[in-house]
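S.K.: just a sequence and a predicted model for now, questions to come.
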Amino acid sequence: MTIPKLTKRIDVDAVLQSARDQSEKTLQILRSVAVDVLGSDPDLIIGVNGSVARREVTAGSDVDLFVLTLSGDISSAKAAQTKYRERLSTHDIKMPADGGVFQNPLRTTHLTATIGGEDDTNTYITRRMLYLLEGEWVANEDSFNRLRLELVGRYVPDEIEEQKIVRFFLNDVIRYWRTICVDFEYKTADATKPRAIRLVKLRLSRMLLYVAGIAAARETVGLSASEKREKLAELLSLPPLERLTRIHGSVKMMPVEALYATFLSAINDQYIRSKLELPGIEGLSTPEFTDLSNVAREFKTALLALLDLDAGDDPLMEALLL
């Protein structure tokens, strides 16, 4: 594998550690402010997705907060969310833009009871899968973890056989990946919008999330139903890079980490990021995008090598094909 030239300029361990340290610092602020403002409200679950949850905060990262309510009292949850965000705005926290899928609080039942069918909108798929694949608690840790276990339980029934992969979960991971790929085209169809940075993130951070999800699914083969649920919940509680290291070991992860650190280092550079954020074809025509496209190409190759997919008797390969 030919490592792109950007990789040779960085200290991989230093880049990854810096991103983790900044993420933990942000998490500490989020959690302390939540306690200060909201106390220990048992009805609310506050969590975070995105770079903070994945432990890869860079200079341009915002904070993808979400609020869930166990009782279903949306109006009270919305008032608490507003109060919390207003307090956070006084800290050095980059809040998410208005209007996204996490803008409004959600009933927890919308995550657990709406899987498949006409009511399972893009919003529900996105919120459910990000909760599982990268979500991290901010307030009400116990309820956050119980909800994860409940979601895993929906995907892994008691009757599943030991030799079977958790196909229901795997299919939803695949469906989510395909959804964000299609949504990328929709969201960047306007030539005045940045396309380069969205495409780089799709090929790297979103790809990492997808592979870390299907890798976790494969680890459940050969376990009883209860063991499958326990293993899946355990692995999903880890950030994607850490999850893959737990599964494959640090030596096999070295090429993946080197390429991912190159990506993080690049988008942490204000000049490079400004070039990637140029609108439409302008951003796609920059040398910075070309360099990162090469990184993304090698990253995909490294992930495929990590999975070591073989059509033979590999249950993951079979499930991906059928």
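M.R.: Great, that's in hand.

S.K.: alpha carbons only for contacts and neighbour counts from here, please
M.R.: Noted.

S.K.: for the residue nearest the centre of the chain, what are its contacts?
M.R.: For the chain, the residue nearest the mean C-alpha position is Glu134 (4.0 Å; CA atoms, centre = their mean). Glu134 sits next to Asn49, Gly50, Ala53, Arg54, Leu209, Leu236, Ser237, Leu238, Pro239, Pro240 when contact means CA atoms under 8 Å, 6 or more residues apart in numbering.

S.K.: what's the distance between it and Ser226?
M.R.: According to CA to CA, to the nearest Å, Glu134 and Ser226 sit 22 Å apart.

S.K.: can you map out the strands along the stretch 51-200 of the chain?
M.R.: If DSSP state E, counting those that start in this stretch is used as the criterion, the strands of the stretch 51-200 of the chain fall at 64-69, 106-107, 136-139.

S.K.: turn those into TSV, columns for mean pLDDT and distance to Asp21.
M.R.: Shown next, in TSV, are those (pLDDT from 0 to 100; distance: least, CA to CA, whole Å):
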stretch	mean pLDDT	distance to Asp21
strand 64-69	96	18
strand 106-107	95	30
strand 136-139	98	15
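
S.K.: same list (the ones you listed) but as a markdown table, adding mean neighbour count and distance to Val221.
M.R.: Compiled in a markdown table, those are given as follows (neighbours: other CA atoms under 10 Å; distance: least, CA to CA, whole Å):
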| stretch | mean neighbour count | distance to Val221 |
| --- | --- | --- |
| strand 64-69 | 23 | 32 |
| strand 106-107 | 20 | 32 |
| strand 136-139 | 24 | 26 |
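
S.K.: can I get these in a markdown table including distance to Asp308?
M.R.: As requested, these are exported to a markdown table (distance: least, CA to CA, whole Å):
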| stretch | distance to Asp308 |
| --- | --- |
| strand 64-69 | 33 |
| strand 106-107 | 39 |
| strand 136-139 | 29 |
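
S.K.: out of these, nearest to Glu277?
M.R.: Counting by CA to CA, Glu277 lies closest to strand 64-69 out of those; the figure is 19.3 Å.

S.K.: each with direction, which strands does the closest one pair with?
M.R.: Using DSSP bridges, the strands paired with strand 64-69 are strand 44-49 (antiparallel), strand 106-107 (parallel).
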